[in-house]
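**Q** Okay, structure incoming, though there's no sequence with it:
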DNA sequence: GCTAGCACTCCCTTGACAGGAGTGCCAACA
DNA sequence: TGTTGGCACTCCTGTCAAGGGAGTGCTAGC
């Protein structure tokens, strides 16, 4: 997303003031108001008529628009885009806020799941937006170790640990009652043979040996295969989200068209859009901003999405971000998202 | 919740028709409309004036009310309650629908987590309501087996399996680098000593032996203790919910006061109310219906909740249910909730 | 005991109207 | 040439009154 031409410094100043004012007030900004604001905040004195002239050309160029002829102006997607790329000051979280966030993470040391939850919750809280995050995933699922435990007479639990520390599990219905000893022996043998294997290898092994395998062994291998081949590809189930409430706390969202609200909630609950953009986010550096209509997903046409990847190069990674109203404090939002990626990176690097 | 007196058969008939009609149309029901309906559906012929007389007394007795003087009638909480306890026909899911539901469960055999998700999803879908469910929990957390796995030089993963098959995990930051062999030895020793132990026992053991323990052993025991003593008490985190979207699909909910919507969503996202009622639900038989103002939680004063416990006596159990508009098809809702408990019971009994 | 009829209440929609906000344009000025 | 004050114009928004409609309560009669 790049912009084709530069605006004159004065136009930039006016556009910037307009966007900031609109974000602040949620009302279309009038020329008079803008003129006052320019004098007050930026110390430049232009009458409202002058501002009006500039606004007219900004409107021609597609940066702003009026909902109706006797209303003030609001930024278009292009206007926001220009603002975000050229005009917006980079903001930083206050030390106090950073401290507050870190403090919460210290409460749940070494519990990866909790980090993920907490990250979403913190972002949602801080930005009054919905937050989305995928748990960290290893680049590929390789078997570290698995265990077979007899729960009941003929029900066993298969617990597998991947190289990156992911734990997965499945229950097995055994054909015939057996003992824990038998299962342990079986597990030991297979562990030796299959350490470091991925789904492919397990599958191949199962096929090759299929003649020689006992029934229970076959069951275990099938299960192992299923668990290893579980989606590294990001599916909707992989995503965690939080903060629909925070979104509903914003008047301009909560009071808008119920159908719109429903569609946004649906996108969040079903995580319909993230799988589509996640690969691209994983591939690129830094914080990505997707404004309004730039979203492929229809339901988000008047929302903005701010996403980034986190994780440790070549080891584990994930995607996190927020979904908020287009009229959001971009500077702050970007700062928060960036801070959370750094936070998670720090935490993860302790573990890897 | 019991009702103090019976109504005359005709009053019952009128109340029943009114509730059904109101549930169907979402509009206050007029005497004329009711008179027509009685003729059409129940084959009894009463003029609208007669119906009006009966309605007046039903209103005096608190079963129905008018939003204003020239409007039709709507049921009060008491009216719904009478309807649910005395008038409503028990309904059953169609064979077709049962088949459809069972089919979905066959897709995810033996994956407990998926069952939980699917149950919520099915209920939400079938009843256009939000669904809530707690994963099955054993009556008490006893250690079955745990494993210590070296992930990196000085990061280990502790995976514990409880008697009921619950798997929990935590990462340990070791003081000094070690080997997998060392860890395995340690795990084997502790497993032998602590098999079947609950949090108490582990804690006691750790304190008693604290002098003799190596640093890593202490770490492992601490972690073990934490994981075992994790809340059996149901905390908000234990709950899974789905179907906010389905709720928003209902016009009368989606178009109502945004503040109300927010509060309901908040209750769901934070699962604020279930922990409060869960113990009582676990203790009682059958499907519970909580209508409107009977809810302790303020935000649900105009919603109804239908809950039941599921699980296997003395072994594992949980709570499931739905949160929907007070104006819901109670018969169907109760049938669905009951069916899902039976479904889960069947599935669980295979595993226990 | 039931019902037709009627007066009455209250809601809800509609249209008219006033007030206000904000613009575009023009003419004047530095 | 760039800037600005002034003014006519457009369009929104809130208010108010009026009319129509829906539904009731009550009464008198069958």
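**A** Perfect, thanks for sending it. Note that this is a predicted model, so its numbers are computed, not measured.
**Q** And the contacts of stretch A:161-170?
**A** Contacts to stretch A:161-170, defined as CB atoms under 8 Å, 6 or more residues apart in numbering or on different chains, come from residues A:112, A:136-138, A:141-146, A:157-160, A:196, A:223, A:226-228, A:230, A:315-316, A:351-352, B:110-111, B:147, B:149, B:151, B:155, B:157, B:159, B:167, B:169, B:171. Heads up, the C-betas are built off the backbone N, CA and C, glycines and all.
**Q** Now do the end-to-end distance for it.
**A** End-to-end distance of stretch A:161-170: 12 Å, with CA to CA, to the nearest Å as the criterion.
**Q** Pull out the buried positions in it.
**A** A:161-170 (16 or more other CB atoms under 10 Å in any protein chain shown).
**Q** Turn these into CSV, columns for pLDDT.
**A** Supplementary listing: these in CSV, determined by pLDDT from 0 to 100:
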residue, pLDDT
A:161, 93
A:162, 89
A:163, 86
A:164, 80
A:165, 84
A:166, 83
A:167, 87
A:168, 87
A:169, 88
A:170, 87
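**Q** Turn these into CSV, including secondary structure and distance to residue A:43.
**A** Listed next are those as CSV, based on DSSP: H, G, I helix; E, B strand; the rest coil; distance: CB to CB, whole Å:
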residue, secondary structure, distance to residue A:43
A:161, strand, 62
A:162, strand, 59
A:163, coil, 59
A:164, coil, 55
A:165, coil, 56
A:166, coil, 56
A:167, strand, 60
A:168, strand, 61
A:169, strand, 64
A:170, strand, 67
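**Q** Tell me how far residue A:7 lies from residue B:342.
**A** Going from residue A:7 to residue B:342 by CB to CB, to the nearest Å gives 67 Å.
**Q** Looking at the two, which one has more neighbours?
**A** Taking other CB atoms under 10 Å in any protein chain shown, residue A:7 and residue B:342 do not tie; residue A:7 has more neighbours (20 against 12).
**Q** which phi and psi does the more buried one have?
**A** Main-chain torsions, residue A:7, degrees, to the nearest 10: phi -100, psi 160.
**Q** Might one say that it is in contact with residue A:82?
**A** Yes: assessed by CB atoms under 8 Å, residue A:7 is found in contact with residue A:82 at 7.3 Å.
**Q** Touching both of these two, which residues are there?
**A** The contact sets of residue A:7 and residue A:82 overlap at A:15, A:63 (CB under 8 Å, 6+ apart).
**Q** pLDDT score for residue A:105?
**A** As predicted, residue A:105 sits at a pLDDT of 92.
**Q** Sort out for me which of the contacts of stretch A:161-170 are in helices.
**A** Among the contacts of stretch A:161-170, the residues falling in helices (DSSP state H) are A:112, A:223, A:226-228, A:351.
**Q** Near chain B, list only the ones from the residues you listed.
**A** Residues of the ones in helices among the contacts of stretch A:161-170 in contact with chain B (CB under 8 Å from any CB of the partner chain): A:112, A:351.
**Q** could you dump the ones in helices among the contacts of stretch A:161-170 to a markdown table with distance to DNA strand C?
**A** Shown next, in a markdown table, are these (distance: CB to the nearest atom of the strand, whole Å):
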| residue | distance to DNA strand C |
| --- | --- |
| A:112 | 51 |
| A:223 | 60 |
| A:226 | 56 |
| A:227 | 57 |
| A:228 | 60 |
| A:351 | 54 |
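**Q** Show me which residues of chain A are close to DNA strand D?
**A** Residues of chain A lying close to DNA strand D by CB under 7 Å from any atom of the strand are A:10, A:45-50, A:53, A:68-71.
**Q** What's the local residue count around the residue in the stretch 101-250 of chain A positioned nearest to chain B?
**A** The stretch 101-250 of chain A approaches chain B most closely through residue A:248 (4.0 Å), counting by CB to the nearest CB. Residue A:248 has 24 neighbouring residues, counting by other CB under 10 Å.
**Q** contacting residues around it?
**A** Residue A:248 makes contacts with A:254, A:261, B:258, B:261-262, B:265, as judged by CB under 8 Å, 6+ apart.
**Q** can you pull the contacts of residue A:25?
**A** With CB under 8 Å, 6+ apart as the criterion, no residue contacts residue A:25.
**Q** measure it to residue B:216 for me?
**A** Going from residue A:25 to residue B:216 by CB to CB gives 59 Å.
**Q** would you list the buried residues of stretch A:161-170 in JSON lines and tack on distance to residue B:14?
**A** Shown next, in JSON lines, are the buried residues of stretch A:161-170 (distance: CB to CB, whole Å):
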{"residue": "A:161", "distance to residue B:14": "65"}
{"residue": "A:162", "distance to residue B:14": "64"}
{"residue": "A:163", "distance to residue B:14": "69"}
{"residue": "A:164", "distance to residue B:14": "66"}
{"residue": "A:165", "distance to residue B:14": "65"}
{"residue": "A:166", "distance to residue B:14": "61"}
{"residue": "A:167", "distance to residue B:14": "59"}
{"residue": "A:168", "distance to residue B:14": "58"}
{"residue": "A:169", "distance to residue B:14": "56"}
{"residue": "A:170", "distance to residue B:14": "55"}
